[in-house]
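Chemist: Predicted coordinates and the sequence they were generated for:
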Number of protein chains: 2
Amino acid sequence: MPFRFTLETPAAQPARAGVFETPHGPVATPAFMPVGTLASVKALDPDDLRALGAQMILSNAYHLHLRPGDEIVRAMGGLHAFMQWDGPILTDSGGFQVFSLETLRTIREEGVEFRSHLDGSRRFFTPETVMRIERNLGADVIMQFDHVVPGQSEAGLAREAMERSLRWLARCRDEFVRLEDVGPAEPPPEAMLSPEQAALGLALPRTARYGEQALFPIVQGGIHADLRRASARGIMELGDWVGVGIGGLSVGEPKPDMYAMLEETHEALPADRPRYLMGVGFPEDLVEGVRRGVDLFDCVAPTRMGRTGGVFTTDGRLNIKRAEFRVDPRPLDEACDCPACRRFSRAYLRHLFVTEEILGLRLLSLHNVHFLVRLMRDARTALRDGRFDAWSTDWLARYFSTRT
Amino acid sequence: MPFRFTLETPAAQPARAGVFETPHGPVATPAFMPVGTLASVKALDPDDLRALGAQMILSNAYHLHLRPGDEIVRAMGGLHAFMQWDGPILTDSGGFQVFSLETLRTIREEGVEFRSHLDGSRRFFTPETVMRIERNLGADVIMQFDHVVPGQSEAGLAREAMERSLRWLARCRDEFVRLEDVGPAEPPPEAMLSPEQAALGLALPRTARYGEQALFPIVQGGIHADLRRASARGIMELGDWVGVGIGGLSVGEPKPDMYAMLEETHEALPADRPRYLMGVGFPEDLVEGVRRGVDLFDCVAPTRMGRTGGVFTTDGRLNIKRAEFRVDPRPLDEACDCPACRRFSRAYLRHLFVTEEILGLRLLSLHNVHFLVRLMRDARTALRDGRFDAWSTDWLARYFSTRT
């Protein structure tokens, strides 16, 4: 098996450090995964990601199915070759995106019919079609197609979605296994070449190998403890998973509810599999998540904030566009060693934002992603040294100390 | 003297290779200088520029005076420190920009009154104020404030502007010498700190040293051979310049006229000083310029085109957004070794442009700048090997061979 998870800290405490091995290399956990929705972590280069220590990145089946098309990604050798990221990749299934298209989709037991947010074209996602899309993309970890409901949904709706997600998980698993056996049904990638290209003798990259992916189930259940436990139990009855996603959190519910759900889920899941808290989050959420047994995180916040001037620092958040930074010679964060902080003053970075220079978007995105990657590396060191409780308390106190 | 120009090829032929030494290092010529109008070469990082072999870059006094303000740049240690480019920098005076503000400016012998293109605020540029701005910015080479007219201006207007540019050159020279002697009159940079910043004990970077700049005159005269010769003669009567700019070309006149003016100017200028053809150009213009004795070039074309999908290749130009590149596994240019071509397929780069990913802007800008920098490096090698005529003929033939 190319996948393995090894705990490096005692199993008695929820917070843990580990190593998650994948076909494209190991991930030292806890870890933050930068998000490359459309096969690009916005404003960053794969070389930037490697240099700042990112280990595993995320991409999105819904978005890549629409553009450029998962069959094109497959024809170009799969997602790793296409975007030139040779480390581990995880693809989200698109469940979250499809269910966010509120007025554009119809949910049936078979699947979800929806209209593309780009051109209104009619599409139909089922557990089976999503597995084929994620196989075409060829990420190391692929997420099940699940039914996502808003964060504060009442128990009836949350139960319906949770139970449907379990039924869809069984169908995802069956299709995943079938594809492992028979391979893809689609025409060979060479068929996509135009006659002119074929005449040039263009050779397409070898298609990503099949059979080296792991399917992760997703725990649902809203903010209802009994549903979360039932979801985790149901998932474990359906297979011996490499790892488990925790979904439907950080979608509008109060933070204490999110933390409580993590605690419920922790008890119900096997300790020896990595847990991935989907779409979370901000620095404080990562620290609180690690406290409650989460190993993997992802969020668009560091790059999205970076594109609007928002900056994480050890002493809380700031916005670089503020006039007070006009002649400020300091780096964004004096405790940071990222390529933005090593070289540039706040005055220069503010100037880049005020004049809408593209370099500003890259430097702030780079700093913010580095901030979360390093935060998880520091948490890991503290965990291995047996001083995580003190470290996390101190870290949170400093982060919130200068906020008004 | 920190400036020196050494020819490495026989002076008998117009086309030449040389080395232009500056306080921030040597520039092997002929060379293309990427343009960082607002202290950032658009979409690129200074590390990108170093990696692709750029030697000297350009910035703009008009734009930096408006944002962030040349006194802020000075307070931050000068342009080199501000933008973290430790190689040579040249600043254009803003003459071109001010004269482009057609309805917003009034020309008098004293100077040009204009309204900022950003906020309409009233400003007054004279040879003296422009010298102070360029001193504050602290580039290695600073251009005189000149009177620029459209490319096809009739002889009367072209003569008036050329003669005024000579009178303004004398005033620039006098103010340049005065500033060398007395230093800047402005308050020390520390005075720009707010009380809160002063209380923090923030130390601003040491102001860029004065006295290590070279003032370049600018040959004007439109497309009138007698005026160009008169301009060159007039300039040489006003001083012993480190190098000379050739302005007012590539501004709407036919290309043969531009080439003819270069030939006229070549005869009238001393052979042992570097010549900088301002705002030029496209690959073919660079090759034709080198043929006629030009040593330095600058143009926004590689980055501007790069942001709209335009790509220079050895076989001519292409636009990456075209549908034919959907599944094209080839690099932009198979003869190119830039970081975009070494890693990414046309299919991926097209996807980045179609989805408006910022990485696409950077990769195409990087490729295009690399293309011009390498073109001049190849020209230099051919010059030193005594085979420039054959090389340039072959190069142009291939570049235009596949165009329709």
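Modeler: It's in.
Chemist: Tell me how many other residues surround the closest residue to residue A:101 other than its chain neighbours.
Modeler: Sequence neighbours aside, residue A:114 is the residue nearest to residue A:101 in space, at 5.1 Å (criterion: Cβ to Cβ, 6 or more residues apart in numbering or on different chains). Where C-beta positions appear, they are placed from N, C-alpha and C, glycine not excepted. Using other Cβ atoms under 10 Å in any protein chain shown, residue A:114 has 23 other residues around it.
Chemist: how far away is the residue lying closest to residue A:232 once chain neighbours are set aside from chain B?
Modeler: Nearest residue to residue A:232, sequence neighbours excluded (Cβ to Cβ, 6+ apart): residue A:268, at 3.5 Å. In this view, residue A:268 and chain B are 39 Å apart by Cβ to the nearest Cβ, to the nearest Å.
Chemist: if I pick residue A:268, what's in contact with it?
Modeler: By Cβ atoms under 8 Å, 6 or more residues apart in numbering or on different chains, the residues touching residue A:268 are A:228, A:229, A:232, A:233, A:236.
Chemist: isn't the second one right next to residue A:264, touching?
Modeler: Yes. A contact is recorded between residue A:229 and residue A:264 when judged using Cβ atoms under 8 Å, the distance being 5.8 Å.
Chemist: related to what we said a few turns ago, restricted to helices, list the contacts of residue A:268.
Modeler: Mapping these onto helices (DSSP state H) picks out A:228, A:229, A:232, A:233, A:236.
Chemist: contacting residues around the fourth one?
Modeler: This means residue A:233. Contacts here follow Cβ under 8 Å, 6+ apart; on that basis residue A:233 touches residue A:268.
Chemist: for the last one, same thing?
Modeler: When contacts are counted by Cβ under 8 Å, 6+ apart, residue A:236 touches A:268, A:269, A:270.
Chemist: same question, the third one
Modeler: Under the criterion of Cβ under 8 Å, 6+ apart, the neighbours of residue A:232 are A:219, A:244, A:265, A:268, A:269.
Chemist: most surrounded residue in these?
Modeler: Using other Cβ under 10 Å as the neighbour criterion, residue A:219 leads the contacts of residue A:232 with 31 neighbours.
Chemist: Give me every residue in the stretch 1-150 of chain A lying close to chain B.
Modeler: A:38-40, A:42-47, A:67-68, A:72, A:75-76, A:82-84 (Cβ under 8 Å from any Cβ of the partner chain).
Chemist: Narrow these to just the buried residues.
Modeler: Buried members of the residues of the stretch 1-150 of chain A next to chain B, scored by 16 or more other Cβ atoms under 10 Å in any protein chain shown, are A:38-40, A:42-46, A:68, A:72, A:75-76, A:82-83.
Chemist: Just flag the most distant two among those residues.
Modeler: Checked with Cβ to Cβ, these reach their widest spread between A:43 and A:75, with 26.7 Å between them.
Chemist: quick one: the helices in the stretch 151-300 of chain A?
Modeler: For the stretch 151-300 of chain A, the helices defined by DSSP state H, counting those that start in this stretch cover A:155-182, A:195-199, A:225-237, A:255-268, A:283-291.
Chemist: Now render those helices as JSON lines, adding distance to residue A:98.
Modeler: Formatted as JSON lines, these follow (distance: least, Cβ to Cβ, whole Å):
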{"stretch": "helix A:155-182", "distance to residue A:98": "12"}
{"stretch": "helix A:195-199", "distance to residue A:98": "33"}
{"stretch": "helix A:225-237", "distance to residue A:98": "19"}
{"stretch": "helix A:255-268", "distance to residue A:98": "22"}
{"stretch": "helix A:283-291", "distance to residue A:98": "24"}
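Chemist: between these, which one is nearest to residue B:361?
Modeler: Using Cβ to Cβ, those put helix A:195-199 closest to residue B:361, at 26.1 Å.
Chemist: give me the element the spatially closest residue to residue A:145 that is not a sequence neighbour is part of.
Modeler: The spatially closest residue to residue A:145, leaving aside those adjacent along the chain, is residue A:130, at 4.0 Å (Cβ to Cβ, 6+ apart). Secondary structure assignment for residue A:130, by DSSP states H and E: helix A:127-137.
Chemist: Same question for residue A:58.
Modeler: Per DSSP H and E, residue A:58 falls inside strand A:57-60.
Chemist: Dump that strand to PDB, restricted to CA.
Modeler: The C-alpha trace of strand A:57-60 is given here as PDB (Å, rounded to 0.1, in the frame of the first residue of the first chain):
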ATOM      1  CA  ILE A  57      -2.000  20.900  -1.900                       C
ATOM      2  CA  LEU A  58      -5.600  20.900  -2.800                       C
ATOM      3  CA  SER A  59      -7.600  21.200  -6.000                       C
ATOM      4  CA  ASN A  60     -11.200  21.000  -7.000                       C
END
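Chemist: which helices and strands does it pack with?
Modeler: strand A:89-92 (3 or more Cβ pairs under 8 Å, 6 or more residues apart in numbering or on different chains; DSSP states H and E).
Chemist: lowest confidence element among the helices and strands of chain A?
Modeler: When each helix and strand of chain A is scored by mean pLDDT, DSSP states H and E, helix A:195-199 comes last, with a mean of 82.
Chemist: Show me which positions of it end up buried.
Modeler: The neighbour-count check on helix A:195-199 (16+ other Cβ under 10 Å) flags residue A:197 as buried.
Chemist: how far is it from where the chain is centred?
Modeler: Centroid displacement of helix A:195-199 relative to its chain, using Cα atoms, centre = their mean, to the nearest Å, is 38 Å.
Chemist: Please work out which residues outside that helix touch it.
Modeler: Taking contacts as Cβ under 8 Å, 6+ apart, the residues outside helix A:195-199 that touch it are A:190, B:324, B:327, B:328.
Chemist: on that earlier part again, looking at the contacts of residue A:236, which one is closest to residue B:355?
Modeler: Of the contacts of residue A:236, the one sitting nearest to residue B:355 (Cβ to Cβ) turns out to be residue A:269, at 35.8 Å.
Chemist: Let me see the contact set for that closest one.
Modeler: Going by Cβ under 8 Å, 6+ apart, the list of residues near residue A:269 reads A:219, A:232, A:236, A:244, A:275.
Chemist: Need those in CSV (columns: pLDDT).
Modeler: Formatted as CSV, these follow (pLDDT from 0 to 100):
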residue, pLDDT
A:219, 98
A:232, 98
A:236, 97
A:244, 98
A:275, 98
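Chemist: hmm, back to that, buried by neighbour count, from the contacts of helix A:195-199: which ones?
Modeler: With burial judged by 16+ other Cβ under 10 Å, the buried subset of these is B:327, B:328.
Chemist: Put the alpha carbons of stretch A:108-125 into CSV.
Modeler: The C-alpha trace of stretch A:108-125 is given here as CSV (Å, rounded to 0.1, in the frame of the first residue of the first chain):
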residue,chain,number,x,y,z
ARG,A,108,-32.2,13.7,-6.3
GLU,A,109,-31.2,10.4,-4.7
GLU,A,110,-29.4,9.6,-8.0
GLY,A,111,-27.3,12.8,-7.9
VAL,A,112,-27.5,16.5,-8.4
GLU,A,113,-28.5,18.3,-11.6
PHE,A,114,-27.1,21.8,-11.8
ARG,A,115,-26.2,24.5,-14.2
SER,A,116,-22.6,25.6,-14.6
HIS,A,117,-21.9,28.9,-12.9
LEU,A,118,-19.9,29.9,-16.0
ASP,A,119,-22.2,29.3,-18.9
GLY,A,120,-25.4,27.9,-17.5
SER,A,121,-24.9,24.6,-19.3
ARG,A,122,-26.8,21.7,-17.7
ARG,A,123,-24.7,19.1,-15.8
PHE,A,124,-25.4,16.0,-13.7
PHE,A,125,-23.1,14.9,-10.9
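Chemist: Just the mean pLDDT for stretch A:394-403, thanks.
Modeler: Here stretch A:394-403 scores 89 as its mean pLDDT.
Chemist: That one vs chain B: in contact?
Modeler: No. Using Cβ under 8 Å from any Cβ, stretch A:394-403 stays clear of chain B, coming no nearer than 13.1 Å.
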